[in-house]
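>>> this one's sequence-less:
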């Protein structure tokens, strides 16, 4: 695309059209770009959707400099514990045993379906989403955020380095350590720590996972091979105050709220 200075605007979805705009971006990223699928994906309308969309809050990042029908360039799907009760469960509960989190007494928020338009990766777009997320976290009095984060592909041996590095260096404390569950659960501890090429392992780790780790995020024990989405999922856990600190630093550098 031709370069333009983005005019970012953050909002929560207020209408069916807003949610469809999020689902359209998700289709572009998760289905068209990454080869994913799912029972409720609408290929005719090019919408990536599922049953949890009806219960979740959808955080939208728009670039108002783009054509009106193509302004949503970043999304997050947010599911608090009360909304998860209405939905029947948290989204990633089919992949991870969340018992320790649910018994922790902490107020939980599941982060899901996070994605950015390819033209906005590596810039400030993700920071704007995170700052809006921090506002939501503060408003809802969230203590801990968590959610599935994905590696592309379904071959755990091909990702033995990064999965093992996450296990050895970034495993969550016992009181927050969720575990992968079900027949598609897979070990992360595939290599001894002294056999890991750390440079190569970090290069093969998706940018979003590395960003959460820089914020102080940790991972659960075990991965989940999601054949429908062509991914290997891990569960990331992050204290809510880490995002609030990031927000303060972002605004201190002269970035205004959107």
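Thanks, I have the structure now. Bear in mind that the values here come from a model prediction, so they are computed numbers and not experimental data.

>>> Enumerate every residue touching residue 240.
109, 137, 142, 143, 144, 145 (CB atoms under 8 Å, 6 or more residues apart in numbering). Where C-beta positions appear, they are placed from N, C-alpha and C, glycine not excepted.

>>> Give me the three-state assignment for the first one.
Assigned state for residue 109: strand (three-state reduction, DSSP: H, G, I helix; E, B strand; the rest coil).

>>> per-residue pLDDT, the residue nearest to it when sequence neighbours are not counted?
Counting by CB to CB, 6 or more residues apart in numbering, residue 142 is the residue found nearest to residue 109 once chain neighbours are left out, at 4.4 Å. What the model reports as pLDDT for residue 142 is 95.

>>> likewise residue 257?
The per-residue pLDDT of residue 257 was computed as 37.

>>> re the thing from before, identify the residues contacting the residue nearest to residue 109.
80, 107, 108, 109, 136, 240.

>>> try residue 137
Residue 137 sits next to 109, 145, 240, 243, 244 when contact means CB under 8 Å, 6+ apart.

>>> how far away is the third one from residue 146?
Remark: distance between residue 240 and residue 146 (CB to CB, to the nearest Å) = 10 Å.

>>> Quick check: neighbours shared by those two?
Counting by CB under 8 Å, 6+ apart, the contacts common to residue 240 and residue 146 are residue 109.

>>> the strands in this protein, which residues?
In the chain, strands defined by DSSP state E lie at 8-12, 57-63, 72-80, 96-97, 108-116, 144-152, 179-180, 185-186, 218-219, 223-226, 231-239, listed in chain order.

>>> Of all these, which one is nearest residue 45?
Nearest to residue 45 among the strands of the chain is strand 72-80 (15.1 Å), distances taken as CB to CB.

>>> The closest one to strand 57-63, inter-axis angle?
Orientation check (axes from the mean of the first three to the mean of the last three CA atoms, to 10 degrees): strand 72-80 against strand 57-63 gives 160 degrees.
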